[in-house]
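1. 3D, please:
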Amino acid sequence: MYILGWPVDFGQMEMVDLLSSDKYTEKQIGYLAVTLMLGENADLSRLIVNCLLRDLQGSSEVFACLALHAIANIGSRDMAMNLMTEVQQLLVSGNHTSFVRKKAALCLLRLFRKFPDIFQAVDWAQKIIYMMDDRDFGTALAVATLVLALAQQYPEEYQGSVNKAINRLHKILIEKDVTSEYTYYKIPVPWLQVKLLRLLQYYPAPADPQVFRKLNDVLLYIIKNSNEVPKNVQHNNAQNAILFEAINLCIHLDPISDLVDQTLVLLGNFIVAKETNSRYLALETMCHLAATGARNCLDALRVHQETIIASLKDKDISVRRSALDLLYSMCDQTNVRVIVSELLQYLQIADFAIREEMVLKIAILTEKFAMEYAWYVDIVLQLITIAGEFVSDDIWFRVVQIITNNEVLQEYAVATILGALRSPNCHETTIKVGGCILGEFGHLIANMPGCTPIDQFTALHSKFPTCSAPTRALLLTTYVKFINLFPEIKEEVLAVFKQHKTVLDVELQQRASEYLALSTRETDELLQTVCEEMPAYPERESALLSRLNKKIADTEDKRTWVIGGKDANTELEMQGGASQQPQPTYQESAPVIDALGAGGIDYTQVKPAIKALSGGMDDSTLYNRLITAANGLLHRDANLEIGIKTEYRGQLGRIAVFFGNRSSQPITSLSAEIQADPNISVTLMQPISSIIPSGTQLHQIYKVECVGICQPISFMTVNCSIGDGISSNVPVSLTLRVPIIISKFVIPIDLPAHDFFNRWKQIGGLPRESQVVFRPASGVVVSKAELIKIVEGLGMGIIKSVDDSPLSVVGAGIFNAADLGKVGCMLRLERNEEYQMYRLTVRTTNETVSEVLRSQIEECVALHI
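-> Purely as a prediction, here's the structure:
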């Protein structure tokens, strides 16, 4: 009766009586009835807590298992508060069989997910982590699942699980320490391997070299054993589950490692595989690659761009969604036109379930990577035409905001939108955009043929009868602005107001009446005040990005990355400047000649060589390596290891500083502070604990913002003590340079050759040019390929087809600062093999930027960093 949906209010006391029985059959029926018929809010659930407690504390393991089943299924808050400790004790106690411990771990997982505030995760951390070494693989799997959930919410408390997971994987795969009953199609405990590999993705690479070597051996073993595709489907599924978790772990640890390079070939094969699951997992893993922003990963993804685009037409919708996510994540200024064009074509035949998401992502990509204003406006109007019903208000609001904030864009946008309004298939969203834009900027095209004031009014008013009431209200506001802008059409507009002052719609009636009264006053002074031109919108985070982030569904296991490329994987504070205004390219044309004006090098003006790097692990060498790298070490000695991981986006950045304890004693009284150039704003976002246990690693996170032109004078002071503070205590004080330098706030751009020539000429020579001739520290110039690598590491994009000489490199980028805005930067680096010298020429739109940037590039090239 209960299963059929009828309420059951009899037999409840009989259920309690059965639970109190000492016979297994009666107790089993009692627990079955309680589990099936009682909800967590039932009054009777409070009465059976004592029965559950007695069975948990009793000597019968079978009764204890029945109680654990009931607790997990009913899961009321009263049960969690009264029985949580007993369940935890069953897990860590050595007096029970693996059968009981396994069920206790799964019961705790259920309670933690329902009532995380009650769960004593911190107090029991070490005991739970210890259970990961249980000899029974079933118990180890259940505990690993529990630890995986706990580590996501308490990462520092469960840091010790990293070494446990790596050692267990090494025993399973390398040492073959596994029994035959846990071998599934020749694969040892694949479910445990998957859980442990996923757990490691929530932590940085282990600081202990020996542990890291074990982890590397495990990953290498998994990748090598996956080169052959098994014929058995079950074998193939288990192998792929492990492989893709291993690949994700490799990407998480170091996206530019050799292991990741090996997996790129495998992923290329998987996206064309016959199995739908393989294609889906490969595309999702490629999204993780794109999230790193590593150049080698993005280059590899571009090789498969056509295959990924073809996956948009896959028969399985999950594959189509993954292909859309990947294209969105891998898009940048070099391929935005191709990807957006393909997405627009597919949008016409796409499933209705994903059209809204596609429209949102196309709008974001168009705004984010637009290099020409005209292209941006054309794409948005095309998007509205194809899928206007899926274009939300947030999208066209953003379009109006961008047009309003960019004077260069306004005239073209008004003319283009007016043309779109004359189309017989004009969508209502286009009418809304047209109403906002024509009312503000229609006067910019009033003298063009076919764009007179009456033409603009006629184009808008011809759509008026077919619009919804909110759109007609917006158009009435546009009309009153027309009276202010174009007095010659005042009579036509007043006729519309008079017609609508008696309509049934209250909003239209009120607007028409008020606008009519405003327009017929004796003087136009009040009308001009009310209809003043809209001011520019304040810069803020794009609402489109916020809306897209809300669409990411929560899962039990949180991702360590999000869809959307490197930019989307920064913190919310860093996304404040994520949506850029479209940046126009330079439209002038010029003959392609040696227009850079490079004359002969005056070797009498050569600067003395900079001292070469030592090649060791001293702090200055480590600092120099970080000038062109995002991640690396700042300091390493026998006791302490300090490293950083950085992310930069325009004028904003995030720095994560890692502190690893390599000694056998705890590190206490730890404090670290970054002191930067006055033009750099540094904010501590996540402080670090003052105590680091032996063999562990902790981190703290800073938010960085470039306000103006910065000098490379930032440093970090670190103070701590090595020892327990009682029997031993060795004070340590360090002052380390931190690479918060001007090139970190430079983003690369790609320009056609003729545009580069024209811009180079526009900037001109002194004072906005800075040039130097110098010798390399090693005495020998490097190849062009090495110079390109250095220039790209300094944030500059390589411009091809400008100078075909193998002796020079040409680059361009944009320096971002809150006070200065965007500063265009260009460089030419020439090498002379005969004299073993370089000549560096830097031109920017700010003379101080030219000098500071040239100095930094010179040092990096001289040291061959």
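2. quick one, helices of the stretch 751-865 of the chain?
-> Here the stretch 751-865 of the chain has its helices, by DSSP state H, counting those that start in this stretch, at 753-763, 784-793, 847-863.
3. where among those is the average confidence lowest?
-> In terms of average pLDDT, helix 753-763 trails the rest of the helices of the stretch 751-865 of the chain, at a mean of 81.
4. how many residues are close by Ile118?
-> The number of residues packed near Ile118 is 13, by other C-beta atoms under 10 Å. Bear in mind the C-beta positions are built from the backbone N, C-alpha and C, glycine included.
5. oops, could you answer that again for Tyr221 instead?
-> If you count neighbours by other C-beta under 10 Å, Tyr221 ends up with 15.
6. which one is it nearest to, not counting chain neighbours?
-> Using C-beta to C-beta, 6 or more residues apart in numbering and skipping the chain neighbours, the partner closest in space to Tyr221 is Leu173 (5.2 Å).
7. tell me the phi and psi of that neighbour?
-> Leu173 adopts backbone torsions of phi -90, psi -40, taken as degrees, to the nearest 10.
8. shouldn't it be in contact with Val218?
-> Yes. Using C-beta atoms under 8 Å, Leu173 is in contact with Val218, at 5.5 Å.
9. where does the prediction get shaky in this structure?
-> Counting by pLDDT under 70, the ranges of the chain that qualify are 1-12, 43, 45, 539-562, 564-618, 724-728, 803-804.
10. helices and strands around the longest strand anywhere in it, which ones?
-> In the chain, taking DSSP state E as the definition, the longest strand is strand 821-832. If contacts are counted by 3 or more C-beta pairs under 8 Å, 6 or more residues apart in numbering; DSSP states H and E, strand 821-832 sits against helix 753-763, helix 784-793, strand 808-817, strand 837-844, helix 847-863.
11. what's around Glu833, how many residues?
-> 11.
12. right, I mislabeled it, should have said Asn816
-> 22.
13. for the one 10 residues further on, same thing?
-> With neighbours defined by other C-beta under 10 Å, the count for Met826 comes to 25.
14. from Val791, how far out is Gln771?
-> For Gln771, the distance to Val791 equals 16 Å [C-beta to C-beta, to the nearest Å].
15. so between the two, which is more surrounded?
-> Using other C-beta under 10 Å as the criterion, Gln771 and Val791 rank with Val791 on top: 24 against 16.
16. give me the nearest residue to the more buried one, chain neighbours excluded.
-> Gly811 (4.9 Å).
17. so that neighbour makes contact with Gly797?
-> Yes. Between Gly811 and Gly797 a contact is recorded at 6.0 Å, counting by C-beta under 8 Å.
18. so what sits against both of the two?
-> Pro748 (C-beta atoms under 8 Å, 6 or more residues apart in numbering).
19. more neighbours: which of those two?
-> Gly811 (26 against 20).
20. quick one: contacts for the more buried one?
-> 748, 791-792, 796-799, 826-827, 829.
21. ok, back up a step: for beta bridges, what are the partners of the residue nearest to Val791?
-> Ile798, Leu827 (DSSP bridges).
22. how much space separates it from Thr845?
-> According to C-beta to C-beta, Gly811 and Thr845 sit 16 Å apart.
23. show residues contacting stretch 345-354.
-> 312-313, 317, 320-321, 324, 355, 358-359, 362, 383, 386-387.
24. now do stretch 159-178
-> Here stretch 159-178 has contacts from 125-126, 129, 132-133, 137, 140, 144, 147, 151, 188-189, 192-193, 196-197, 199-200, 203, 206, 208, 211, 214-215, 217-218, 221-222, 695-698, using C-beta under 8 Å, 6+ apart.
25. then stretch 142-154?
-> 91, 101-103, 105-106, 108-109, 112-113, 116, 121-122, 125, 128-129, 131-132, 134, 157-158, 161, 165, 192, 195-196, 198-199, 202-203, 556-558.
26. ok so, going back, nearest to Leu640 among the helices and strands packed on strand 821-832 would be which one?
-> Relative to Leu640, the nearest member of the helices and strands packed on strand 821-832 by C-beta to C-beta is helix 847-863, separated by 25.9 Å.
27. next, the buried residues of that closest one.
-> Neighbour-count burial for helix 847-863 flags 849-863 (criterion: 16 or more other C-beta atoms under 10 Å).
28. could you check the angle that helix makes with strand 808-817?
-> 130 degrees (axes from the mean of the first three to the mean of the last three C-alpha atoms, to 10 degrees).
29. on that earlier part again, can I get the contacts of Gly811 in CSV with distance to Val738?
-> Shown next, in CSV, are the contacts of Gly811 (distance: C-beta to C-beta, whole Å):
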residue, distance to Val738
Pro748, 23
Val791, 22
Glu792, 22
Met796, 22
Gly797, 25
Ile798, 27
Ile799, 31
Met826, 28
Leu827, 25
Leu829, 26
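30. can you pull the phi/psi pair for Met448?
-> Here Met448 shows phi and psi, under degrees, to the nearest 10, equal to phi -80, psi 150.
31. please name the nearest non-neighbouring residue to it.
-> Excluding the flanking residues, the one nearest Met448 by C-beta to C-beta, 6+ apart is Ala415, at 6.8 Å.
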